[in-house]
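Asks: Quick one, fold the following:
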Amino acid sequence: MPDSLPPYKVRVSNRTRSIGLKVSHEEGLVITVPRSFDIRLLPSILNEKRGWIERAMRKLTESPPPPAIMPEQIDVRLRNETWKVVYIFEERKTTTLTEKPHHVLIIKGNTRSKLVVKRLIKTWIRKRAEELLPDWLDSISQKIDIYAQGLSIRDQRTRWGSCSPQNAISLNQKLILLPPQLVEYVIIHELCHTQVHSHSKKFWSRVANYLPDYQARRKLLREYEKKIPW
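Replies: Predicted coordinates:
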């Protein structure tokens with residue numbers, strides 16, 4: 001990699017078919033490539049894009065970063081919990097997140113870094129999701145008598161859930177930020193996919209059998225997608 005180009009991060013995506021370049025104050029230069037891409041070709045491609053990269057980085061350094069907007073609270077709607085977030089800035093190497101009584105989260109350290117704070121909060125949300133979602137899946141599975149072949153909890157960017165060809169279910173950790181009726185819809189949706197691996201009429205008929213109001217829930221879910229940052 002030529003020295004004149006800045007450090008960069010590479011993300012491999014199953015959903016993209018072309019190479020994408022993006023620069024930001026938070027992450028610098030990020031290159032997104034398809035999973036089938038031969039990574040050995042990347043240096044020559046970046047060299048071809050040198051002009052665009054230099055202009056984008058120059059424009060980035062000339063403009064101040066946007067002010068970091070940190071959440072003052074986190075609403076775990078699945079449990080009707082509201083956690084207050086308190087920030088304490090300290091000059092130290094590590095930044096920590098600690099749970100306190102009465103639903104208080106203390107973030108102490110480099111709280112001026114939006115990226116650091118975001119990583120800590122996402123880790124906390126994942127922990128809560130791992131505590132809550134398996135029981136929800138078990139309960140709903142028993143209720144409708146449909147069972148998955150496994151469960152994983154992920155920080156998916158654009159999906160609330162998915163079902164693999166082997167009938168293993170993946171649930172988005174941010175589901176805990178949704179009301180219970182929407183979490184129920186997502187889980188039943190994915191459990192029905194273990195029987196019908198498509199969005200055919202047969203699939204939606206099966207969902208409607210367990211949730212006659214599923215269309216209203218889908219509509220409400222889209223509204224919440226605008227409120228919860230991906």
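
Asks: show me where pLDDT drops low in this structure?
Replies: Within the chain, the segments meeting pLDDT under 70 span 1-4, 26, 64-69, 229-230.

Asks: For it, which segments count as strands?
Replies: Remark: strands assigned in the chain by DSSP state E are 8-13, 20-24, 28-34, 73-76, 81-89, 96-100, 104-109, 151-154, 161-163, 169-172.

Asks: Not counting sequence-adjacent ones, nearest residue to residue 180?
Replies: The shortest distance from residue 180 to any non-neighbouring residue, by C-beta to C-beta, 6 or more residues apart in numbering, is to residue 78 (5.9 Å). C-beta coordinates here come from the backbone N, C-alpha and C atoms, glycine included.

Asks: Enumerate every residue touching that neighbour.
Replies: 132, 136, 175-180, 183 (C-beta atoms under 8 Å, 6 or more residues apart in numbering).

Asks: Burial-wise, tell me which of the strands of the chain comes out on top.
Replies: strand 169-172 (a mean of 23; mean count of other C-beta atoms under 10 Å).

Asks: which residues sit against that one?
Replies: 129, 133, 137, 148, 150-156, 159-164, 186-187, 190-191, 193-194.

Asks: do the same with stretch 13-33
Replies: Contacts for stretch 13-33 (C-beta under 8 Å, 6+ apart): 5-12, 34-35, 37, 39, 42, 45-46, 49, 52-53, 56-57, 60, 65-66, 114-115.

Asks: Go again with 7 Å.
Replies: 6-12, 34-35, 42, 45, 49, 53, 56-57, 60, 65, 114-115 (C-beta atoms under 7 Å, 6 or more residues apart in numbering).

Asks: that older thread, which one of the strands of the chain lies closest to residue 212?
Replies: strand 161-163 (20.3 Å; C-beta to C-beta).
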